[in-house]
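*Asks:* Got a predicted structure plus its sequence, pasted below:
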Amino acid sequence: MSVRELVYLRMSTDTELSALGLTGATLYANGAPDSPQERFWGVLRWGIEIPGVRAQRGRDRVTDRECTLWVYNKSPEYDPINSAIKRWCAILDALEATKTGDAATDGWILTCEWTADIDDGYDDVYEAWYRSSGYRIIASGD
């Protein structure tokens, strides 16, 4: 399983996030639709992957990447957004030193480091309030 798949799986099946309204149906792995029907949803945005060790190749190569969770709410309430981000941080912090899957070819998450939470905001296209939180993930495998 890839790092992206693992993060999405952990986020989309988490019972605390589901109770808040972030489920497999309301958490988008890459980009949300132009007009989401949900009142509360999240988007995982992946940054570029940077090689961690020069000249390393193959499935064991280590890469450095950033993942950001954007949480949107059509209601002007930040409590659900803040609760989702707090849970996101707990999930990502727990991923450090985790194998990405059961297959022999799966890699390892070596480091999961919180990078920042951004200011509260309002997206006039989605007509929703939002906030995001980012992590730097260093991992082997895909």
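*Replies:* That came through fine.

*Asks:* which strands and helices sit next to the longest helix seen in the chain?
*Replies:* Ranked by residue count under DSSP state H, the longest helix found in the chain is helix 79-93. Based on contacts counted as 3 or more C-beta pairs under 8 Å, 6 or more residues apart in numbering; DSSP states H and E, the elements that helix 79-93 packs against are helix 3-12, helix 15-20, strand 62-73, strand 108-117, strand 128-140. In short, each C-beta sits where N, CA and C put it, glycine included.

*Asks:* Give me the pLDDT for I50.
*Replies:* Among the per-residue scores, I50 shows a pLDDT of 82.

*Asks:* State the distance from the nearest residue to it once chain neighbours are set aside to S140.
*Replies:* Taking C-beta to C-beta, 6 or more residues apart in numbering, and ignoring the residues beside it in sequence, I50 has D64 as its nearest neighbour in space, at 4.6 Å. In this structure, D64 and S140 are separated by 11 Å, where distance is defined by C-beta to C-beta, to the nearest Å.

*Asks:* of these two, who's got more company?
*Replies:* Higher neighbour count among D64 and S140: S140, with 21 against 17, using other C-beta atoms under 10 Å.

*Asks:* pLDDT value on that one, please?
*Replies:* We have a pLDDT of 87 for S140.

*Asks:* got it, and D119?
*Replies:* Model confidence at D119 (pLDDT) stands at 88.

*Asks:* Outside of the helix or strand of the chain with the lowest mean pLDDT itself, list whatever touches it.
*Replies:* Taking mean pLDDT, DSSP states H and E as the measure, strand 40-51 is the helix or strand of the chain with the lowest mean score, a mean of 90. When contacts are defined by C-beta atoms under 8 Å, 6 or more residues apart in numbering, strand 40-51 is touched by residues 4, 7-8, 11, 20-22, 26-32, 61-75, 80, 84, 132.

*Asks:* That strand vs strand 128-140, what angle?
*Replies:* When axes from the mean of the first three to the mean of the last three C-alpha atoms, to 10 degrees is applied, the directions of strand 40-51 and strand 128-140 differ by 30 degrees.
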